[in-house]
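Colleague: sequence and predicted structure, then a few things I'm wondering about:
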Amino acid sequence: MKLAVISFSGNVGKSTIARHLLAPRLPGARVIAIESINADEGQSQSMRGFQFGELQEYLQGVDEVVVDIGASNVEELMRLMHLYKDSHEEFDCFIVPSVPPPKQQQDTIATLADLHAVGVPPDRIRIIFNMVDDREPLERTFHNLLAFLEQKPIASANICCRLGINEVYARIRGSGADLAEIARDETDYKRLIARATDRSEKMALGQKLATRRLARGVVSQLDACFAALDLGRFSNREAAATAVAS
């Protein structure tokens, strides 16, 4: 499966979604970052927007990939996608994260409109409602975006495709740590803390315990969001295409 994570906005969680939501749940998937500034550490490969032709060639030789399109390259990449007729067909699905601030919701709408203009059908565009505050109804928080989609259903919007704010991402940023692996950790930190005599050691162990607890909470949320994306249909589409070709 070949996925693109895209938005005209920065700071909407594209890299987090690519690295921690999508790639770990697609066996063998690599993350490709298209970003000219502030590329996240630990991603497999970086590519500039003007190298779109090379990206298309690369996509011919891989089966599982998540392309993280940084905000500073989106406009150039979309321009090239208009020039390379039908190039959007290289991706099975476009994942568009959105966050609560009105300006970012407008950027989401602009992203959806541009994808629609390129020719991407609605069932191949998925919205993820990110950085959601569960104390507020999602329908009210994202009223502007949902109202637009009600009038122009150019993307698939499932309110179950949602992720909350969680400090665990900041805790592991740049470490290359795997959230699922942290969540599976069975170390008895409480026992180790009780035995430790050095205060700094106790604090370090306490931080690991807190990170594991956060990870266990967020992994279940990531699992639920991934299931709600309903990406399995694209695997079936690939299988059908392969059968026809053979």
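Modeller: Happy to help now that I have it.

Colleague: longest strand in the protein, please.
Modeller: Taking DSSP state E as the criterion, the chain has its longest strand at strand 125-132.

Colleague: could I get the buried residue list for stretch 98-116?
Modeller: 98-100, 104-109, 111-112, 114-115 (16 or more other Cβ atoms under 10 Å). C-beta here means a position set from N, CA and C on the backbone, and glycine is covered the same way.

Colleague: quick revisit: which is the next helix or strand following the longest strand of the chain?
Modeller: For strand 125-132, the succeeding helix or strand toward the C-terminus, using DSSP states H and E, is helix 138-141.

Colleague: and that next one, how far out from the chain's middle?
Modeller: Centre-to-centre, helix 138-141 and its host chain are 21 Å apart (Cα atoms, centre = their mean, to the nearest Å).

Colleague: try stretch 184-199
Modeller: Taking mean C-alpha positions (Cα atoms, centre = their mean), stretch 184-199 and its chain are 33 Å apart.

Colleague: repeat for stretch 210-220
Modeller: Put simply, stretch 210-220 sits 18 Å off its chain's centre (Cα atoms, centre = their mean).

Colleague: for it, list every residue counted as buried.
Modeller: 211-212, 214-216, 218-219.

Colleague: just give me the closest of those residues to N130.
Modeller: Of all those, N130 sits closest to V218, with 12.4 Å by Cβ to Cβ.

Colleague: element containing that closest one?
Modeller: Per DSSP H and E: helix 199-229 holds V218.

Colleague: check which helices and strands that helix sits against.
Modeller: With contacts taken as 3 or more Cβ pairs under 8 Å, 6 or more residues apart in numbering; DSSP states H and E, helix 199-229 sits against strand 125-132, strand 162-164, helix 168-172, helix 179-184, helix 189-195.

Colleague: out of the ones you listed, deepest packed?
Modeller: strand 125-132 (a mean of 23; mean count of other Cβ atoms under 10 Å).
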